[in-house]
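Novice: One predicted model, sequence on top.
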Amino acid sequence: MELLICAGTVLGASTNVNLIVRPVRAGPRAFGALLKRVAAMATVDGDVSVASSPETTTAPPKTLPTVDETTKEKQESRSPMGKEQKKKKKKKKKGDESVDPLITPVDSVWPPPYYFEDDLRRVRPYYWTYNTYCKERWRGRTLIEIFESEFRDRPTEYYRETMDKGDIFVNGKRVGPDYVIRNGDLISHTMHRHEPPVTAEPVGIIHEDDDMIVINKPSGVPVHPAGRYKFNSVLEIMKADRGQHFMPYPCNRLDRLTSGIMFVAKSVRAAEALGNQIKSRTVRKEYVARVAGEFPQGEVVCDQPILTISPKLGLNRVRANGKTARTVFKRLAYYPPKDSRASGADDGMRDATTEAGDESRGKPWVNKRGYSVVRCLPVTGRTHQIRVHLQYLGHPIQNDPIYANQRVWGFNLGREDEDGTQTPDEDVISRLSRMGKEDVAEAVVYYDEMVDKYEKKRAERMTGQVCDVCATPLYSDPGMHELSLWLHSLRYEDADGAWSYKSPLPRWALPPEGMTGPTTVGGMEELVQATG
């Protein structure tokens, strides 16, 4: 049986050595050797204290466990780690003063330190260690160079100071900023982690059986831990609700800002079965989007190929030399503008075109055209396919920070510009990159590296305060309209009719106050027929 073990950020009383939180797995034999190291440290250094703060709820225990000496010796003699430890002891006798990180038999951060306030799910700050092995492009470069170029969550000054203090380790040992990274090096960085808040809306359960859970994913919550998000992710929230033993296996992926139907398997076998079914295109998917202007009635088919013009920015557009793509659209409702409101939204959220002045900059049409709610059936599955096709048709998703931005795409927003004559790719990329520095509120992709800039400079404006523990700048809360994209995964169904799951319409797709309109959708027959 495997045992999960994790090291905490510990300070030895006599040596004042920072130690690493590093989850590892060890068999029963190796476990005894690890315990001996813990007991030895406790004996040599006396009481061991933990570096923590009043805000931190996840510090390792103050008292380290001990085990029977006879058992330890037997386990150590059989364990490869026992031999390794003897070698390290010999090195220390020769004058090597470096101290390896302790591995203590304590759980990782659990339960997640959630709390709820102002309709947001929050996570109390906690200590966490990031571990990464040397990548090929890092070889021969200094540690500070790598952190400056690869890890931009903190300023360079923070990393240099942390390295000078010896709080960043390579292969379990303290090194300075000028250390040259070599192949096989393991870099470990323990930090006081602050996660951005997400909506307090729960992960809704649409269906559950012995193999599968069908959920209604809230908008603004990433599926996997990534970037600054760990516990505020769908999989970790589900694990917190169901217990640490729960092991979810997501079968389909939604972007952080997209809401709706998601499949989470309870086993690898179930995940592979549904994944194969989705790849074979025997599963139909329907989305609903809120788009700018009056979308045409009837079925509208867009079969324009899509090309990724900037992998770094995650930017795509219609191109003749792109990959085959096909989407069927059908208007569900159109809501014209009213005198006192720009787009007729009444969903309990700040409207992007009326209450946030910066939202309408570069989008003069949003106050004049009203909006439509459109059903979308993607026949293929290209990245940003629905968003790109809607932009090409002249009806981009109304609050899309990229594809509905005239300051990036020009006055026509790339409408019917399949050859790039109106707006060359180079111009689009240049504007997006430049505006990412000058005005992130208007030009940002919502995932990967750019999402941090978006959240920090727009959705989570700085408060001017810093954390008392780690001096990290603190940010104000994002508005609800900044936690979503008006694109919702509405329905998944088996093409042969074996199963079908549908989620409710999101609030932004319902009729605004004073207007009538549909509150549900019908079947997919008309959309499927239009696929050809």
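Specialist: Here it is on my side, so go on.
Novice: so where is the stretch 251-400 of the chain shaky, pLDDT-wise?
Specialist: The model of the stretch 251-400 of the chain has pLDDT under 70 over residues 310-314, 339-368.
Novice: all helices of it, in order?
Specialist: Counting by DSSP state H, counting those that start in this stretch, the stretch 251-400 of the chain has helices at residues 268-279, 357-360, 385-392.
Novice: Can you tell me which of those is most buried?
Specialist: Mean neighbours per residue, mean count of other Cβ atoms under 10 Å, is largest over those for helix 385-392, with a mean of 25. Yep, even glycine has a C-beta here, placed from its N, CA and C like the rest.
Novice: then that one to PDB, C-alphas only?
Specialist: The C-alpha coordinates for helix 385-392 follow below in PDB (Å, rounded to 0.1, in the frame of the first residue of the first chain):
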ATOM      1  CA  GLN A 385     -14.700  27.800 -32.800                       C
ATOM      2  CA  ILE A 386     -18.100  29.300 -31.700                       C
ATOM      3  CA  ARG A 387     -16.500  32.600 -30.700                       C
ATOM      4  CA  VAL A 388     -14.600  32.900 -34.000                       C
ATOM      5  CA  HIS A 389     -17.600  31.900 -36.200                       C
ATOM      6  CA  LEU A 390     -19.900  34.400 -34.400                       C
ATOM      7  CA  GLN A 391     -17.300  37.100 -34.900                       C
ATOM      8  CA  TYR A 392     -17.000  36.300 -38.600                       C
END
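Novice: and Arg137, that's in a strand?
Specialist: No. Checked against DSSP: H, G, I helix; E, B strand; the rest coil, Arg137 lies outside a strand; its state is helix.
Novice: Can you give me the distance of it to Val123?
Specialist: 32 Å (Cβ to Cβ, to the nearest Å).
Novice: So those two - more neighbours on which side?
Specialist: Val123 (22 against 10; other Cβ atoms under 10 Å).
Novice: what residues are up against that one?
Specialist: Pro112, Pro113, Tyr114, Tyr115, Glu195, Pro197, Lys230, Phe231, Asn232 (Cβ atoms under 8 Å, 6 or more residues apart in numbering).
Novice: Over to Leu527?
Specialist: Glu286, Glu299, Val328, Lys330, Arg375, Leu377.
Novice: phi, psi of it?
Specialist: phi -70, psi -40 (degrees, to the nearest 10).
Novice: ok, the nearest residue to it once chain neighbours are set aside - contacts?
Specialist: Leaving out its chain neighbours, the residue that sits closest to Leu527 by Cβ to Cβ, 6 or more residues apart in numbering is Leu377, at 4.3 Å. Listed by Cβ under 8 Å, 6+ apart, the contact set of Leu377 reads Arg284, Lys285, Glu286, Tyr287, Thr327, Val328, Phe329, Met524, Leu527, Val528, Ala530, Thr531.
Novice: go on, Val328?
Specialist: Listed by Cβ under 8 Å, 6+ apart, the contact set of Val328 reads Glu299, Val300, Val301, Cys376, Leu377, Val379, Leu527, Ala530, Thr531.
Novice: go again using 6 Å as the cut-off
Specialist: By Cβ atoms under 6 Å, 6 or more residues apart in numbering, the contact set of Val328 is Val301, Leu377, Leu527, Ala530, Thr531.
Novice: for Ala265, same thing?
Specialist: Per Cβ under 6 Å, 6+ apart, neighbours of Ala265: Met212, Tyr249, Cys251, Ala271.
Novice: The second one: neighbouring residues, count only.
Specialist: This means Tyr249. Counted with other Cβ under 10 Å, Tyr249 comes out at 19.
Novice: Isn't it up against Ala271?
Specialist: Yes. The pair Tyr249 / Ala271 is scored as a contact, 3.8 Å apart, by Cβ atoms under 6 Å.
Novice: can you tell which of the helices of the stretch 251-400 of the chain is closest to Pro218?
Specialist: Set against Pro218 and scored by Cβ to Cβ, these come closest in helix 385-392, at 19.3 Å.
Novice: Disregarding residues adjacent in the polypeptide, which is nearest to Ile261?
Specialist: Leaving aside its sequence neighbours, Ile261 sits nearest to Ser489 (Cβ to Cβ, 6+ apart; 4.5 Å).
Novice: ok, the one you found touching Phe263?
Specialist: No. Using Cβ under 6 Å, Ser489 makes no contact with Phe263, being 10.4 Å away.
Novice: Show me the strands in the stretch 51-200 of the chain, by range?
Specialist: With strands called from DSSP state E, counting those that start in this stretch, the stretch 51-200 of the chain shows them at 114-117, 120-123, 126-133, 168-170, 173-174, 186-193, 198-199.
Novice: export these to TSV and tack on distance to Gly497 and mean pLDDT?
Specialist: Shown next, in TSV, are the strands of the stretch 51-200 of the chain (distance: least, Cβ to Cβ, whole Å; pLDDT from 0 to 100):
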stretch	distance to Gly497	mean pLDDT
strand 114-117	40	94
strand 120-123	37	94
strand 126-133	46	86
strand 168-170	56	89
strand 173-174	61	88
strand 186-193	47	87
strand 198-199	34	92
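Novice: Out of these, which is closest to Arg154?
Specialist: In terms of Cβ to Cβ, the element of these nearest to Arg154 is strand 186-193, at 7.9 Å.
Novice: Show residues contacting that closest one.
Specialist: Strand 186-193 is contacted by residues 9, 20-21, 125-126, 128-133, 168-171, 469-470 when judged by Cβ under 6 Å, 6+ apart.
Novice: rerun that using 7 Å as the cut-off
Specialist: 9, 20-22, 125-133, 167-171, 467, 469-470, 472 (Cβ atoms under 7 Å, 6 or more residues apart in numbering).
Novice: now it and strand 126-133, what's the angle there?
Specialist: Interaxial angle, strand 186-193 versus strand 126-133 (axes from the mean of the first three to the mean of the last three Cα atoms, to 10 degrees): 160 degrees.
Novice: ok, what's across the strand from the residue nearest to Leu527?
Specialist: For Leu377, the residues forming beta bridges with it (DSSP bridges) are Val328.
Novice: Now do the contacts for the nearest residue to Ala509 once chain neighbours are set aside.
Specialist: Spatial nearest neighbour of Ala509, chain neighbours left out: Val373 (4.9 Å); criterion: Cβ to Cβ, 6+ apart. The contact partners of Val373, taken as Cβ under 7 Å, 6+ apart, are Val288, Arg290, Leu332, Ala333, Ala509.
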